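**Q** Okay, sequence plus prediction incoming.
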Amino acid sequence: MDTPDYDPQLDTPPLDDDELQALDALLQALPGDAVMNIEALDGYLTALMVGPPVLARQRTAAWMPAIWGGDTGAPGSPAPFPSQKQRKRVTLLVLRHLHAIQRQLQGPPEAWEPIFSVAEAEGREWVDAEDWCAGFLAATVLDADAWGALFDDAELGPLLVPVALLGGDEAALSPADQARLADPDQRDGLSRAVVDAVLALQARRAGPA
């Protein structure tokens, strides 16, 4: 199947809740440990939108397979999908969600709604953006040098620390940072701070108003 390329001018409807759940179910039914769930996918696509302009330089076929853990088998095969029809369905749903993220980020800040894990306990909501951040970081390998410059940037770098802590390899963290992630309050605070990082990246990419 020829993978349709991303067209920022295409007008497609955003996925509704049922379609988001269906996309998540389609992905989770695939074999392999590297398949993204809907939270990681949302983070991955958001990074493509607010980071270096990968979408302008790479065909969709270059960045899309990372969502389902990569393609295997003979060229043109639907692997890891059971059929070309299912692969096409997932591809089109992903592209629609990418367009929805684009439109949200181009609107007022409150229009953007990331898909984070939220749990209710003790009369409050606890946010956990670990999977989302893991997906976000997966997109940084598509242009490691440009993303490295953003993480080293004096303004953006500190804002991106929560993304790196939540989405990176916990075993590589210092004991102090591991303790931060183990504390529900601090994990919640780090997760909520991810929003500031993304909006700052979007503002930098959009340039002066």
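**A** Perfect, thanks for sending it. Keep in mind the model is a prediction, meaning the values are calculated, not measured.

**Q** Mind telling me what element L30 is part of?
**A** Per DSSP states H and E, L30 falls between elements, in no helix or strand.

**Q** isn't it right next to P80, touching?
**A** Yes: when contacts are counted by Cβ atoms under 8 Å, L30 is listed as touching P80 (5.1 Å). All C-beta spots, glycine's among them, are computed from the backbone N, C-alpha and C.

**Q** Now the common contact residues for those two.
**A** Residues touching both L30 and P80 (Cβ atoms under 8 Å, 6 or more residues apart in numbering) are W68, G69.

**Q** Would you mind listing the buried residues in whichever helix or strand D185 is part of?
**A** Taking DSSP H and E as the criterion, D185 maps to helix 184-206. By neighbour count on 16 or more other Cβ atoms under 10 Å, the buried set for helix 184-206 is R187, D188, L190, S191, A193, V194, V195, A197, V198, A200, L201, Q202.

**Q** Where does the residue positioned nearest the centre of the chain sit, in terms of helix or strand?
**A** The structure's the chain has its C-alpha centroid closest to G43; by Cα atoms, centre = their mean the separation is 1.7 Å. Taking DSSP H and E as the criterion, G43 maps to helix 38-50.

**Q** Just want the angle from that helix to helix 184-206.
**A** Relative orientation of helix 38-50 and helix 184-206, computed by axes from the mean of the first three to the mean of the last three Cα atoms, to 10 degrees: 30 degrees.

**Q** A121 and V195, how far apart?
**A** In this view, A121 and V195 are 21 Å apart by Cβ to Cβ, to the nearest Å.

**Q** Disregarding flanking residues, what is the spatial nearest neighbour of the residue nearest to the centre of the chain?
**A** The shortest distance from G43 to any non-neighbouring residue, by Cβ to Cβ, 6 or more residues apart in numbering, is to G135 (3.3 Å).

**Q** Counting neighbours, what do you get for T140?
**A** T140 has 22 neighbouring residues, counting by other Cβ atoms under 10 Å.

**Q** and it, what element?
**A** helix 130-140.

**Q** Check the offset of that helix from the chain's centre.
**A** Between the centre of helix 130-140 and the centre of its chain there are 5 Å (Cα atoms, centre = their mean, to the nearest Å).

**Q** mean confidence for that helix?
**A** In this model, helix 130-140 carries a mean pLDDT of 98.

**Q** Now do that helix: everything it contacts.
**A** Applying Cβ under 8 Å, 6+ apart, the external contacts of helix 130-140 come out as 36-37, 39-48, 51, 54, 63, 66, 114-117, 147, 162-164, 166-168, 187, 191, 194.

**Q** follow-up on the earlier one: now the angle between helix 130-140 and the helix holding G43, please.
**A** Helix 38-50 runs at 40 degrees relative to helix 130-140, counting by the same axes, to 10 degrees.

**Q** Helix 38-50 packs against which elements?
**A** Helix 38-50 is packed against helix 17-28, helix 54-57, helix 84-106, helix 130-140, helix 184-206, with contacts defined by 3 or more Cβ pairs under 8 Å, 6 or more residues apart in numbering; DSSP states H and E.
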